[in-house]
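Engineer: I'll drop the sequence and a predicted model, then ask my questions.
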Amino acid sequence: MTPTRWEAALPSHVVIREVGPRDGFQAEDVAIPTEHKVKAIEDLAKAGISHIQAVSFVHPKRVPQMQDAEAVLWALQKQPGVTYSGLALNLAGVKRAVATQVDALEISVSASDAHSRKNTGMGRDLAVEQAADMADMAREAGLEVIAGVQCAFGCVFEGAIPEKQVLGMVEAYLALSPQALCIADTTGMAGPLQVQELMTQVLTLSGDLPVFLHLHDTRGLGLVNMTAAIMSGIHHFDTSCGGMGGCPFIPGAAGNVPTEEALYLMERLGIATGVDLSQVSACSRSLEQFLRRVLPGRIHRLN
C-alpha cells in the first residue's frame, strides 16, 4: 500500500531528552532529597532514555531545588550510552559544571530581553555575547555544547518575538560549533503553524546538526506543536516525566509535554523511541507519591 504524503513525512525514530530532573524538579515547592533525584534519574536511564538533563548550575538562592547539582552528578551510577547534561545561564554556572562528571552542557539565552533580565540579570545582547566564552570554557573541559534559545515563540513580558531575532541567535550559535541546538517555547505560547514556520527555517540554517524542540504545555498545544514539528523535520524533543516543569520567573508557567504522552504519540504514529513507556510511567507515579500531588500528565496513570 502506498503511504500517504503525511505518512511519508514521518521519521522512523525520534530522540527523547528527559528534562524532568531539571525543568521539573526546579518548579517543585517540596524539597527533593539528593538521593531521590539520583534514583529518579537512574530509573529514567534504565527505561531507555538516552539523554537526560539532570541538573542546572544556577544560583541556589534563585532556584533552591538545584543547589545540590554537583552532589547529584557525583552520586549517579551512569549508564553506558546515556548522555547526562546540565543547563548553565552564565560563566559562573559553566565553572561549576566543568568540575563535575556532566557530559554535556546547554548554554541557554532568552530571545526576550525582558525575560533574560528576570532569568539571568543580563540583557539579551550581553547574554549572547557571553555565550561565546561559555561555549569555549565548556569545550575546553571536554563537554559537548548544546546552544539553547529560550522564549523563541513568544514572551509574556514582551509578546511576540520576531523570527529574525531568533534566527539571528541561531546563526550566532552556529559560529560557536555546538554539538546541538535547542529551541524552547518557554512560555507555551507557540501554535502549530508558527512551529512549522520557525523550525523549518532553523533546520535550513542548521543542516545536519541535531535540533531539540523544548515545548511547554501551558496552553494545551504541546502535542499538537510536537506533531507540527515532526512534519517540519524535527526529530529531537525535550519532555518531562509526568508533565512536571515551568520557569520560576514566568507567571503562569506550566510543565513540559509529559514524556509518557510523547511516547504514546510516537507509538501511535509508528515512530520508534527506544524508551519503555511503562517504566517511565512507574517513575512518574513514584514521584507523585513522594510529592503528594497529582502530576499534570495522564498516560502515566494508565500504564
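Structural biologist: Noted; the coordinates are in hand. Numbers count the residues shown, from 1 in each chain.
Engineer: How many neighbouring residues does the closest residue to Leu198 other than its chain neighbours have?
Structural biologist: Closest residue in space to Leu198, ignoring its immediate chain neighbours: Glu163 at 5.8 Å, by Cβ to Cβ, 6 or more residues apart in numbering. Yep, even glycine has a C-beta here, placed from its N, CA and C like the rest. Glu163 sits with 16 neighbouring residues when counted by other Cβ atoms under 10 Å.
Engineer: cool, and Glu267?
Structural biologist: Other residues within reach of Glu267, judged by other Cβ under 10 Å, total 13.
Engineer: which residues does the residue nearest to Leu198 contact?
Structural biologist: Counting by Cβ atoms under 8 Å, 6 or more residues apart in numbering, Glu163 makes contact with 197-198, 201.
Engineer: Go through these and say which is closest to Gln26.
Structural biologist: Nearest to Gln26 among the contacts of Glu163: Leu198, at 25.6 Å, using Cβ to Cβ.
Engineer: Can you classify the closest one by secondary structure?
Structural biologist: Three-state call for Leu198 (DSSP: H, G, I helix; E, B strand; the rest coil): helix.
Engineer: residue nearest the centroid of this structure?
Structural biologist: Nearest to the geometric centre of the chain sits Asp238, at 4.2 Å (Cα atoms, centre = their mean).
Engineer: that's a strand at that residue, yeah?
Structural biologist: Yes: with three-state DSSP as the criterion, Asp238 is part of a strand.
Engineer: Run through the stretch 101-250 of the chain and note the low-pLDDT ranges.
Structural biologist: Residue ranges of the stretch 101-250 of the chain with pLDDT under 70: 247-250.
Engineer: which of the contacts of Glu163 has the most neighbours?
Structural biologist: Leu198 (23 neighbours).
Engineer: Who are the contact partners of that residue?
Structural biologist: Leu198 touches 152-153, 163, 166, 183, counting by Cβ under 8 Å, 6+ apart.
Engineer: I'd like the next helix or strand past whichever strand or helix holds Met266.
Structural biologist: In this assignment (DSSP states H and E), Met266 forms part of helix 259-269. Downstream of helix 259-269, the next assigned helix or strand under DSSP H and E is helix 277-291.
Engineer: pLDDT of stretch 16-31, averaged?
Structural biologist: The average pLDDT within stretch 16-31 is 94.
Engineer: swap in stretch 282-289?
Structural biologist: 96.
Engineer: outside of that stretch, which residues touch it?
Structural biologist: Stretch 282-289 has contacts (Cβ under 8 Å, 6+ apart) with 40, 43-44, 47, 241-242, 244, 258-260, 294-295, 297, 300-301.
Engineer: Can you list the buried residues in it?
Structural biologist: Going by neighbour count (16 or more other Cβ atoms under 10 Å), the buried part of stretch 282-289 is 282-284, 286-288.
Engineer: CA atoms of it as CSV?
Structural biologist: C-alpha atoms of stretch 282-289 as CSV (Å, rounded to 0.1, in the frame of the first residue of the first chain):
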residue,chain,number,x,y,z
ALA,A,282,6.3,4.0,37.1
CYS,A,283,8.9,6.7,37.7
SER,A,284,6.2,9.4,37.5
ARG,A,285,3.8,7.5,39.8
SER,A,286,6.7,7.2,42.3
LEU,A,287,7.3,11.0,42.1
GLU,A,288,3.6,11.6,42.6
GLN,A,289,3.7,9.6,45.8
